[in-house]
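Peer 1: Structure for the following, please:
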Amino acid sequence: MTDRQYIEIHGARENNLKEISLTIPKQKITVFTGVSGSGKSSLVFDTIAAEAQRQLNETFTAFVQGFLPHYGQPDVDRIEHLNAPIIIDQKRVGGGSRSTVGTYTDIAVLLRLLFSRIGQPYAGPAYAFSFNTPQGMCPECEGIGKTVQLDLEKFLDRSKSLNGGAVLHPEFKVGKWLWKTYTFSGLFDNDKPIDQYTADELQALLHGADLRVSFGEFSMQYEGLVERFTRMYLKKDAAAMSERNRGIFEQFTTSQICPLCHGARLNQAALDCRIHGRNIAELSDLEATELIKFLDGFTDPVAVRVASRLAERVQHLVDIGLGYLSLSRETATLSGGESQRVKMIRHLGNSLTDMLYILDEPTVGLHARDVARMNSLLKKLRDKGNTVLVVEHDPDVIAIADHIVDMGPKAGTHGGEVVFEGCYETLKEANTLTGQFLKQHLPIKQKVRQPTGQMTIKNASLHNLKNVTVDIPTGVLTIVTGVAGSGKSTLINDVFLAQHPDALVIDQSRVTVNSRSAPTTYTGIMDDIRKAFARANDVSASLFSFNSEGSCPNCNGLGVVYTDLAFMEGIASTCEICEGKRFKPEVLEYHLRGQTISDVLDMTAEEALAFFTEKKIKAVLQAMNDVGVGYLKLGQPLSTVSGGEGQRLKLATELHKKGSVYVMDEPTTGLHLSDIGLLMGIIDRLVDAKNTVILIEHHLDVIRQADWIIDLGPEGGSAGGEVLFEGPPHALRGCQRSITAQFI
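Peer 2: All right, here's what the predicted structure looks like:
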């Protein structure tokens, strides 16, 4: 064997990694395991993937590099024999409202080709069937499928004058530039309420055009409020706006299905062209399983060739457990797990070999039945001659690995080491947390709690739910199960929460992140920490804020200074003035029990729990340790926190609140087997304190611990949406139609 059959890593120190050196076999599946925070992602994504991507990007010209994402050089001595990487992570697929499953996977290209070749009457080449080209899009909605109008009742307070703030949109506020273009135009009495305008005055305000107005040295074309709002906001894709701007935009608009194309997005010529009586929009709306049936049975040689290639690509969707999706489904509506699997489909169709595939927990959101399908796809990638690196907690995926790297021994500062390398059978005998827990399985709970009452969901028919009426018992732990797409999220996150809006929701959406967010600010204890320092030193609490009075003036409290190097990777260097401590030097003269504010923010939640005596602070820190994120530093940027860690931070934040109904969406995401017992302990405490807890979950050990199970199915999409079983876990095994019953 030559060394080139291995990827060699020497001296990796990224985040908590402790000078790691190891070799990873090529053309094999290597699974990286270990507790949350042990350093798996730091090694696989922040070191190996980042360096492979950086080196690949450097093969392009400086001009092209300017358009590519920038990857900094990881903290590692060297990595040798890297392959070109394909990184398939759990970041949700964005792309705005023009991005669908069909466009993102390129399956839509083949469907358009099929219609351009055999569709009748002939409507043009393939691009004439695309809602993203001028030749194919509906002229009314420009290919969005919906039309959005300005809602004047929300936009104007007609009882007020222009000077009194009649225009409610923040960009048209009194004193702003846009407001001045109306008040200085000379066209209106600025103190007259809008509801007293004549018809001509109102027309001029809302729709006036073909006028030039002057004020001071400026002369400009006048635009009515409706025209200006349409140009500034409606002509832009709302999905591509920032969260804040989209929120403002939606406040002042109403949306409706396009009256011309009825949501089909295409022009009439494209919609009139049919194959076997169906147009391209109707086929795009079919679930993948139904579309495959339609594509079978062509006899024309051209049609057979295109349809068989198309069917092969659609079959990938089914194989990966997404047979319930349609090509017209907007990618923005996909979950993290669905997004990751859709990304995989883009790569399954290619014939590239000797690539480096890097995947982040590909089983997230997958039912036990579908994990086997995922495993076969990972094997396919390997058998084509590729190297596959997987960060994963699922024992069924760990079992198919050719090589396993177990990180630990624990999390944060207690992790960052390789504690095991080898095969699955040897790992089961190893004295590591992963090895110990691979042998353990929680039994089915026999003695269940008795409900104190019930909450009824009546006649739920949203999405694929088939007129479902179901009782959710109160005062117990209810787990909603079923294959992906069976209707679990629709039933709980959409229907149940609409009827019970007071429930505390702990889901997997990213915790709010900006460059200054940290666990202390997110959990709300930063104010209490500042007050504790202020009391101890008899000074203002604002001194101890890196967002306010106490921040270092050189880095504005960020601790780092960013230098833009144009087309080269920008550099973030530690601030020379505060040395990364974020505060003015005089602030660091003040101490609380011998520690500065900077020392405290550098503590882990575990260390801080031993340090603080203040009750409110201790309660939150205890909760952070209880949910398994005691290794996070108090001042750590939230941009470095994973989705699973963010969910547990939310849980810690909610734990000390008085809630009666908790809803959690797959709380085991990103959790090591050893942490699941910890999580169940927290959930049991919540239920024992007379709360109602509802989980959407796939993890079999968790399902076995339910007091009550609601199983949906039998399959996903249109083949799901029924309640197959309601009852205690030990009775589920008798349900013949339930796929969950076969695995529990």
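
Peer 1: how near is the nearest residue to His403 once chain neighbours are set aside to Gln90?
Peer 2: In space, and not counting its chain neighbours, His403 is closest to Thr30: 4.5 Å by C-beta to C-beta, 6 or more residues apart in numbering. Every C-beta, even on glycine, is put in place using the N, C-alpha and C of the backbone. Applying C-beta to C-beta, to the nearest Å, the value for Thr30 to Gln90 is 19 Å.

Peer 1: what are the ranges of the strands in the stretch 501-650 of the chain?
Peer 2: Under the criterion DSSP state E, counting those that start in this stretch, the stretch 501-650 of the chain contains strands at 504-506, 560-563, 571-574.

Peer 1: if you compare those strands, which one is most tucked away?
Peer 2: Greatest average neighbour count among the strands of the stretch 501-650 of the chain goes to strand 504-506 (a mean of 20), per mean count of other C-beta atoms under 10 Å.

Peer 1: Which other helices and strands does that one contact?
Peer 2: Secondary-structure packing of strand 504-506 (3 or more C-beta pairs under 8 Å, 6 or more residues apart in numbering; DSSP states H and E): helix 643-655, strand 661-665.

Peer 1: Now do the first one against strand 661-665, angle only.
Peer 2: So the one you mean is helix 643-655. With axes from the mean of the first three to the mean of the last three C-alpha atoms, to 10 degrees applied, the angle from helix 643-655 to strand 661-665 works out at 180 degrees.

Peer 1: The chain should start at 43 in everything you say after this.
Peer 2: Shifting the count to begin at 43 puts that one at helix 685-697.

Peer 1: pull the CA atoms of helix 685-697 into PDB?
Peer 2: What follows is helix 685-697, C-alpha atoms only, in PDB (Å, rounded to 0.1, in the frame of the first residue of the first chain):
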ATOM      1  CA  GLY A 685     -28.600  23.000  15.000                       C
ATOM      2  CA  GLY A 686     -28.800  20.300  17.700                       C
ATOM      3  CA  GLU A 687     -26.800  22.400  20.200                       C
ATOM      4  CA  GLY A 688     -29.100  25.400  19.400                       C
ATOM      5  CA  GLN A 689     -32.100  23.300  20.100                       C
ATOM      6  CA  ARG A 690     -30.700  22.200  23.400                       C
ATOM      7  CA  LEU A 691     -29.900  25.900  24.200                       C
ATOM      8  CA  LYS A 692     -33.600  26.700  23.600                       C
ATOM      9  CA  LEU A 693     -34.600  23.800  25.900                       C
ATOM     10  CA  ALA A 694     -32.300  25.200  28.600                       C
ATOM     11  CA  THR A 695     -33.900  28.600  28.200                       C
ATOM     12  CA  GLU A 696     -37.400  27.300  28.400                       C
ATOM     13  CA  LEU A 697     -36.800  24.800  31.200                       C
END
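
Peer 1: OK, contacts around Leu720?
Peer 2: 668-670 (C-beta atoms under 8 Å, 6 or more residues apart in numbering).

Peer 1: Quick check: which element contains it?
Peer 2: Per DSSP states H and E, Leu720 falls inside helix 715-730.

Peer 1: go on, Ser418?
Peer 2: With DSSP H and E as the criterion, Ser418 is inside helix 410-425.

Peer 1: Now do the following helix or strand past that helix: which elements does it pack against?
Peer 2: Note on helix 410-425: by DSSP H and E, the next helix or strand toward the C-terminus is strand 429-433. Here strand 429-433 touches strand 62-67, strand 71-75, strand 398-402, helix 410-425, going by 3+ C-beta pairs under 8 Å, 6+ apart.

Peer 1: Let me see the contact set for Val662.
Peer 2: By C-beta under 8 Å, 6+ apart, the contact list for Val662 reads 565-567, 694-695, 698.

Peer 1: Now restrict those residues to buried residues only.
Peer 2: Buried subset of the contacts of Val662 (neighbour count, 16 or more other C-beta atoms under 10 Å): 565, 567, 694-695.

Peer 1: For Lys188, name its beta-bridge partners.
Peer 2: When assigned by DSSP bridges, Lys188 has beta-bridge partners Ile299.

Peer 1: Surely it and Gln298 touch.
Peer 2: Yes - under the criterion of C-beta atoms under 8 Å, Lys188 makes contact with Gln298 at 6.7 Å.

Peer 1: Those two - which one has more neighbours?
Peer 2: For Lys188 versus Gln298, neighbours defined as other C-beta atoms under 10 Å are more numerous around Lys188 (14 against 11).

Peer 1: Rebuild the helices and strands packed on strand 546-548 as JSON lines, extending it with mean pLDDT and distance to Ile387.
Peer 2: Shown next, in JSON lines, are the helices and strands packed on strand 546-548 (pLDDT from 0 to 100; distance: least, C-beta to C-beta, whole Å):
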{"stretch": "helix 685-697", "mean pLDDT": "81", "distance to Ile387": "21"}
{"stretch": "strand 703-707", "mean pLDDT": "93", "distance to Ile387": "24"}
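
Peer 1: Now do the contacts for the closest residue to Ser503 other than its chain neighbours.
Peer 2: Counting by C-beta to C-beta, 6+ apart, Ser503 lies nearest to Asn509, which is 5.3 Å off, once chain neighbours are set aside. Applying C-beta under 8 Å, 6+ apart, we find Asn509 in contact with 501-503.

Peer 1: Pick the one among those residues closest to Asp641.
Peer 2: Ala502 (52.8 Å; C-beta to C-beta).

Peer 1: residues in contact with the closest one?
Peer 2: By C-beta under 8 Å, 6+ apart, Ala502 lies in contact with 509-512, 532-533, 537.

Peer 1: Next, give me the two most distant ones among these.
Peer 2: Longest span within the contacts of Ala502, C-beta to C-beta: Thr511 and Thr532, 14.4 Å.

Peer 1: Comparing the two, which residue is more hemmed in?
Peer 2: More crowded of Thr511 and Thr532, by other C-beta under 10 Å: Thr532, with 21 against 10.

Peer 1: per-residue confidence for that one?
Peer 2: Per-residue pLDDT puts Thr532 at 93.

Peer 1: Wasn't it part of a strand?
Peer 2: No - the assignment for Thr532 (DSSP: H, G, I helix; E, B strand; the rest coil) gives helix, which keeps it out of a strand.

Peer 1: What residues does the residue nearest to it when sequence neighbours are not counted make contact with?
Peer 2: In space, Thr532 comes closest to His505 once its chain neighbours are excluded; the distance is 4.7 Å by C-beta to C-beta, 6+ apart. His505 makes contact with 529, 532, 536, 763, according to C-beta under 8 Å, 6+ apart.

Peer 1: Please apply the same query to Leu697.
Peer 2: 665, 668-669, 724, 728.

Peer 1: go again using 7 Å as the cut-off
Peer 2: Contacts here follow C-beta atoms under 7 Å, 6 or more residues apart in numbering; on that basis Leu697 touches Ala665.

Peer 1: Can you report how many residues lie near Ala731?
Peer 2: Residues near Ala731, counting by other C-beta under 10 Å, number 10.

Peer 1: cool, Ser702 as well?
Peer 2: Ser702: 14 surrounding residues under other C-beta under 10 Å.

Peer 1: do the same with Gly161
Peer 2: 21.

Peer 1: repeat for Val255
Peer 2: 17.

Peer 1: Now that it has come up, it's in contact with Tyr224, right?
Peer 2: No - judged on C-beta atoms under 7 Å, Val255 makes no contact with Tyr224 at a distance of 9.0 Å.

Peer 1: end to end, how far does stretch 455-463 reach?
Peer 2: Using C-alpha to C-alpha, to the nearest Å, one end of stretch 455-463 lies 21 Å from the other.

Peer 1: make that stretch 112-125, sorry
Peer 2: This stretch, stretch 112-125, spans 18 Å end to end (C-alpha to C-alpha).
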